[in-house]
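# show me the folded form of this:
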Amino acid sequence: QVQLVESGGGLVQAGGSLRLSCAASESVVSLNAANWYRQAPGKQREFIAGITTDQSTVYAESVKGRFTVSRDNAKNMAYLQMIGLKPEDTAVYYCNAHITPDRLTFPQWYWGQGTQVTVSS
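Here you go, the predicted model:
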């Protein structure tokens, strides 16, 4: 069974930085693409960044220039580097990855459990 685990969240002061990681189970064949979402209290989950199979990236306007998404093919991991954090970035951050579980299964999208990011003013 595929597992996707985010880590790297925490409490940081405004202007600080964090790097979130998204790790797929060791048994998977590949992590092909990944999106990052976040959900603040009382708000809908929103897309913030994505990276495709050819390493193309896209960002929400709210994080453009401050967040960088990347992917490590060899480790089947995705990352979200965040700098210049603001209190309004406070949310639970989720990884959504396109994964090939094994050589007999078509790739599918999976969600992680989320990691809390809190930015104090």
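# against V2, how distant is the residue lying farthest from the centre of the chain?
Distance from the C-alpha centroid of the chain peaks at L104, with 26.3 Å (Cα atoms, centre = their mean). Distance, L104 to V2, using Cβ to Cβ, to the nearest Å: 13 Å. Bear in mind the C-beta positions are built from the backbone N, C-alpha and C, glycine included.
# same question for G9.
Counting by Cβ to Cβ, the gap from G9 to V2 is 21 Å.
# and these two? Which one has more around it.
G9 (19 against 16; other Cβ atoms under 10 Å).
# mind listing what that one touches?
Counting by Cβ atoms under 8 Å, 6 or more residues apart in numbering, G9 touches 18, 20, 93, 115-117.
# which among those count as buried?
Neighbour-count burial (16 or more other Cβ atoms under 10 Å) applied to those gives 18, 20, 93, 115, 117.
# report the rounded mean pLDDT for whichever strand or helix holds the third one.
Right, Y93. Per DSSP states H and E: Y93 is located in strand 91-100. Averaging pLDDT along strand 91-100 yields 97.
# elements contacting that strand?
strand 4-7, strand 18-24, strand 30-39, strand 77-82, strand 108-111, strand 115-120 (3 or more Cβ pairs under 8 Å, 6 or more residues apart in numbering; DSSP states H and E).
# want to throw the ones you listed into TSV with distance to R66 and mean pLDDT?
As requested, the helices and strands packed on strand 91-100 are exported to TSV (distance: least, Cβ to Cβ, whole Å; pLDDT from 0 to 100):
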stretch	distance to R66	mean pLDDT
strand 4-7	19	96
strand 18-24	11	97
strand 30-39	13	97
strand 77-82	7	98
strand 108-111	24	96
strand 115-120	12	98
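# thanks a lot, catch you later.
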